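K.L.:
how does the following fold in three dimensions:
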Amino acid sequence: MEDLKTKFENTKDKIVGNAKETMGKATGSEETELKGKLQSEKADVKEKFGNIKEKIAKKINDKLDEKEEDKEN
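P.N.:
A predicted model of the protein is given here:
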């Protein structure tokens, strides 16, 4: 459930960040544009970190499963 919540928050941050960036460009507000870019980038970094955590967890689970199979045989 946490994973779904995190994905939703990352998607929301990307959409809101892109909207802020566009609004900043349209109004000439460098600050708003920058805030939008940063919010969108933050979501990308969190997403990449989440993917790395999943890959690590998968590898650990695979190794533990192999160890269990070896014990059974």
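K.L.:
make it CA atoms for all contacts and neighbour counts henceforth
P.N.:
OK.
K.L.:
spatially central residue in this protein, please.
P.N.:
Geometric centre of the chain, nearest residue: Glu47, 1.5 Å, by CA atoms, centre = their mean.
K.L.:
you'd agree that one is up against Asn10?
P.N.:
Yes: proximity of Glu47 to Asn10 meets the contact threshold set by CA atoms under 8 Å, at 6.9 Å.
K.L.:
give the other helices and strands that the top helix by length along the chain contacts.
P.N.:
Longest helix of the chain, by residue count under DSSP state H: helix 30-72. Under the contact criterion of 3 or more CA pairs under 8 Å, 6 or more residues apart in numbering; DSSP states H and E, helix 30-72 touches helix 2-27.
K.L.:
so where is the protein shaky, pLDDT-wise?
P.N.:
Within the chain, the segments meeting pLDDT under 70 span 1-2, 73.
K.L.:
how about 90 then?
P.N.:
For the chain, applying pLDDT under 90 flags the ranges 1-4, 6-7, 50, 67-73.
K.L.:
neighbours of the closest residue to Glu31 other than its chain neighbours, how many?
P.N.:
In space, Glu31 comes closest to Gly24 once its chain neighbours are excluded; the distance is 7.1 Å by CA to CA, 6 or more residues apart in numbering. The burial count assigned to Gly24 is 19, neighbours taken as other CA atoms under 10 Å.
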